[in-house]
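Asks: pasted the sequence and its predicted model underneath.
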Amino acid sequence: DAMVIQNPRYQVTQFGKPVTLSCSQTLNHNVMYWYQQKSSQAPKLLFHYYDKDFNNEADTPDNFQSRRPNTSFCFLDIRSPGLGDAAMYLCATGGFGYEQYFGPGTRLTVT
Amino acid sequence: GQNIDQPTEMTATEGAIVQINCTYQTSGFNGLFWYQQHAGEAPTFLSYNVLDGLEEKGRFSSFLSRSKGYSYLLLKELQMKDSASYLCAVVNYGGATNKLIFGTGTLLAVQP
């Protein structure tokens, strides 16, 4: 049973063309996270939601936005993708404990 | 500042034992996770340590020393499928939510 689902698994977009990545969860967790992971690097937290409260990391570029319309869904919007934004984007959820549950990721290619 | 160090790569032989070390210096600490990540896939949970000592779970064990800022992951009876990246992550609690600060991961190659 899939618990954290990300769509699409692979996304190709053009330089400067807005793109939206989707994440949904069946765990009913309060917290949802978005990470960016570039090749051979650690996942880097972009932002997270605690319920509807949005928490942006200080070094997350303005080009990255997020929406959480309800508990189950969270979206990552990249307004004007650059070549440097090509990466794996990981969505994770967190509940009562400290563990985070990761989705399979969306690999973004920028051409 | 936040700093988590792991070796970049390790190689081991099928059936052997390997220890992957992690040292950390963080402004807060509420435990340490080890995750396994196969290429192109999401990280999957292996272990969580919050108290000093060894936690054993099948072929995998994880050790924590908070006074030394040190942890290791021990993998026994290595199998080819254990070839993956192993991520050490420290829990930093900030108000209503917790954050994970990841190391860059150790890429383990298991050879026949």
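Replies: That came through, no problem.
Asks: give me every residue in chain A lying close to chain B.
Replies: Within chain A, the residues that sit near chain B (C-beta under 8 Å from any C-beta of the partner chain) are A:31, A:40-45, A:48, A:50, A:53, A:55, A:88, A:90, A:94, A:98-105, A:107. Quick note: C-beta positions are derived from backbone N, CA and C, even for glycine.
Asks: and these, which of them are in helices?
Replies: Nothing among the residues of chain A next to chain B maps onto helices, per DSSP state H.
Asks: are any of these buried, and which?
Replies: Buried members of the residues of chain A next to chain B, counted by 16 or more other C-beta atoms under 10 Å in any protein chain shown: A:31, A:42-45, A:48, A:55, A:88, A:90, A:94, A:98-105, A:107.
Asks: and the next helix or strand past the helix or strand bottoming out on mean pLDDT in chain B?
Replies: The weakest-scoring helix or strand in chain B, judged by mean pLDDT, DSSP states H and E, is strand B:97-102 (a mean of 84). Next helix or strand after strand B:97-102 toward the C-terminus (DSSP states H and E): strand B:106-111.
Asks: correct me if wrong, but A:Glu12 is in a helix.
Replies: Glu isn't right for residue A:12; it's Val. No: read with DSSP: H, G, I helix; E, B strand; the rest coil, A:Val12 is strand and lies in no helix.
Asks: what about A:Ser80, how many residues close to it?
Replies: By other C-beta atoms under 10 Å in any protein chain shown, 12 other residues sit near A:Ser80.
Asks: ugh, wrong one, A:Ile5
Replies: As a burial measure, A:Ile5 scores 16 neighbours (other C-beta under 10 Å).
Asks: so what pLDDT did it get?
Replies: pLDDT, A:Ile5: 94.
Asks: who does it form a beta bridge with?
Replies: A:Ile5 forms beta bridges with A:Ser24, as assigned by DSSP bridges.
Asks: touching, it and A:Cys23? I think so.
Replies: Yes: if you go by C-beta atoms under 8 Å, A:Ile5 and A:Cys23 touch, sitting 7.1 Å apart.
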